[in-house]
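Trainee: after the sequence you'll find the predicted model.
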Amino acid sequence: MSNTITLNRETKETTIELALNINGSQQVSIDTGLPFFDHMLNQLATHAGWDLTLKSTGDLEVDDHHLIEDVAICLGQAFNQAWRQQGKIVRYGQRLLPMDASLLMVAVDVCGRAYSITDLPFSRESLGGIGTEMWKHFFYTFAINSAITLHIKTEYFDNNHHLIEASFKGLAFALREALQVSERDNSTKGML
């Protein structure tokens, strides 16, 4: 992978090895020990057009929090480094994404200012063995470490799986749009 950001993080709770190329060819290999989380990360990387290799282990006997949070930290930090190497970018991206009877809006500002508002009104406590509160935490942690502004708004949904999958796919398409090369500065400051 060219232009690949590589990060390793080891704590008493998790070990993470990550390689990210945001100008990739959808070469994705993910193993977090949480198959449903792997599925969502695969949706993000594939639809964003990234190459992503991610191997992580963690104290899953405690719960899913540490692993999901630390993956979000590492992925966010890698994405932060990667987008800053892109040069002039469109900066803003959004996607209104349908998935069967679910509809979500995802909007991003890739600008160096970290913020996140996430509206995911799940009707279940867990999906794929993962507490649904962890999805909001994942997006928040990713946005903060990426230094992007992220908004996810649910218009309506009928299926919790479709709700979370649409949010990951929507984020992928919004980021892909925001990272397109621009011929002009997209900040009155002269830099993002």
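Mentor: Yes, it's here. Keep in mind it's a predicted model, so treat the numbers as computed, not measured. Numbers count the residues shown, from 1 in each chain.
Trainee: so what's the closest residue to L67 other than its chain neighbours up against?
Mentor: The shortest distance from L67 to any non-neighbouring residue, by CB to CB, 6 or more residues apart in numbering, is to G58 (3.4 Å). Using the backbone N, CA and C atoms, a C-beta is placed for each residue, glycine as well. Neighbouring residues of G58 by CB atoms under 8 Å, 6 or more residues apart in numbering: E13, T14, T15, T32, G33, H66, L67, D70.
Trainee: what's the neighbour count on the first one?
Mentor: When neighbours are defined as other CB atoms under 10 Å, E13 has 14 of them.
Trainee: kindly report the same for A178.
Mentor: A178: 23 neighbours (other CB under 10 Å).
Trainee: any weak-confidence spans in the chain?
Mentor: Applying pLDDT under 70 to the chain picks out residues 1-2, 185-192.
Trainee: how about the strands in it?
Mentor: Taking DSSP state E to define them, one finds strands in the chain at 5-10, 14-21, 28-31, 51-58, 92-99, 102-109, 115-118, 126-127, 130-131, 149-156.
Trainee: for those strands, give me JSON lines that also has distance to H162.
Mentor: Output for those, formatted as JSON lines (distance: least, CB to CB, whole Å):
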{"stretch": "strand 5-10", "distance to H162": "31"}
{"stretch": "strand 14-21", "distance to H162": "26"}
{"stretch": "strand 28-31", "distance to H162": "20"}
{"stretch": "strand 51-58", "distance to H162": "23"}
{"stretch": "strand 92-99", "distance to H162": "4"}
{"stretch": "strand 102-109", "distance to H162": "4"}
{"stretch": "strand 115-118", "distance to H162": "16"}
{"stretch": "strand 126-127", "distance to H162": "11"}
{"stretch": "strand 130-131", "distance to H162": "16"}
{"stretch": "strand 149-156", "distance to H162": "11"}
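Trainee: pick the most buried one from those.
Mentor: Of all those, strand 102-109 carries the top mean neighbour count, a mean of 22, counting by mean count of other CB atoms under 10 Å.
Trainee: so I148 versus G129, what's the distance?
Mentor: 28 Å (CB to CB, to the nearest Å).
Trainee: err, F142, not the other one
Mentor: Using CB to CB, we find F142 at a distance of 20 Å from G129.
Trainee: show me which of the two is the more surrounded one.
Mentor: Just comparing F142 and G129: by other CB under 10 Å the higher neighbour count belongs to F142, 25 against 11.
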